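[1] Have a look; sequence and predicted model below, questions after that.
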Amino acid sequence: MRVILAGFEGEDNSSKRLLDCVNAGDQKIYLKNDKMICVKQIIDVMEPGDRILAFGQKPGLKNAISVELQARAGEDILTTRFPVAQIERLCAGTCRVKLSEHAGTSYCNHLYYHVMREIKERQIDVEIVFLHIPMLKNIDEFRRLAETVTGLTKGLTEDLRRPCYGLGQANQSGAPSIRGVLQGGQWCGQSSLWQKNT
């Protein structure tokens, strides 16, 4: 069971800079800016039990993390099985977390959809979530963002390695039991170090 971090290459890409600064996780993948190659990069390394945090930058987002709940290809929509409430809990008091149902229309959505489709088709026990972060110009305190993601990654790693991990993660139908996922796109969490900047 591993926690894998993935982000797109490019010195001006905030997700690449984030991976450089996060000192946690079992593996980092610097994704090529090629739609087919980036999907293969993740599919080739994922194993049963893995949890994957994929990062990309989102124009218009400022001082927050946007958790993408789904990805789409045409009319087909796939929803993450990742325990989103756990992300909210681990980020509480450090960073604002926004829940989103639109992963974009280019690389981020493409990667997310095709990796989730592969997981579904192979019926492999892997969870992936796509987390959008702001572009560099929209991050007031990059170190604070890196610390938040480092704490998130360490928390997920600790939870994965607890003997009781997995209990209560799914309901009887096998669907993830995620409370509070849909809140009309509102910010989640009670406090935020970045609250004044939004």
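    Thanks, I have it. Numbers count the residues shown, from 1 in each chain.

[2] Could you check how many residues crowd around residue 143?
    Using other C-beta atoms under 10 Å, the number of residues around residue 143 comes to 9. Just so you know, the C-beta spots here come from the backbone N, C-alpha and C atoms, and that holds for glycine as well.

[3] Read off the pLDDT value for the closest residue to residue 26 other than its chain neighbours.
    Using C-beta to C-beta, 6 or more residues apart in numbering and skipping the chain neighbours, the partner closest in space to residue 26 is residue 2 (3.8 Å). pLDDT for residue 2: 93.

[4] thought residue 2 was touching residue 24?
    No: Residue 2 lies out of contact with residue 24 (C-beta atoms under 8 Å); the separation is 11.7 Å.

[5] in this structure, which spans are helices?
    Assignment of helices within the chain using DSSP state H yields the ranges 14-21, 35-43, 84-91, 107-122, 142-160.

[6] For the second one, name the packing helices and strands.
    Think helix 35-43. Secondary structure elements in contact with helix 35-43, counted by 3 or more C-beta pairs under 8 Å, 6 or more residues apart in numbering; DSSP states H and E, are strand 3-8, strand 27-31, helix 107-122.

[7] List the buried residues of that helix.
    38, 39, 41, 42 (16 or more other C-beta atoms under 10 Å).

[8] try the fourth one
    Buried positions in helix 107-122, judged by neighbour count with 16+ other C-beta under 10 Å: 107, 108, 109, 110, 111, 112, 113, 114, 115, 116, 118, 119.

[9] List the contacts of it.
    Outside helix 107-122, the residues that touch it by C-beta atoms under 8 Å, 6 or more residues apart in numbering are 8, 31, 33, 35, 38-39, 42-43, 46, 52, 54, 56, 58, 68, 71-73, 76, 78, 80, 103, 124, 126, 128, 130, 132.

[10] got the angle between it and helix 35-43?
    Taking axes from the mean of the first three to the mean of the last three C-alpha atoms, to 10 degrees, one finds that helix 107-122 is oriented at 50 degrees with respect to helix 35-43.

[11] repeat for the first one
    Angular relation of helix 14-21 and helix 35-43 on a 0 to 180 degree scale: 30 degrees, by the same axes, to 10 degrees.

[12] Packing partners of helix 14-21?
    When contacts are defined as 3+ C-beta pairs under 8 Å, 6+ apart, helix 14-21 packs onto strand 3-8, strand 27-31, strand 51-57, strand 127-133, helix 142-160.

[13] Same question for it: list its buried residues.
    For helix 14-21, the buried set under the neighbour-count rule, 16+ other C-beta under 10 Å, comprises 14, 15, 16, 17, 18, 19.

[14] can you give me the offset of that helix from its chain's centre?
    Helix 14-21 has its average C-alpha position 14 Å from the chain's average C-alpha position, going by C-alpha atoms, centre = their mean, to the nearest Å.
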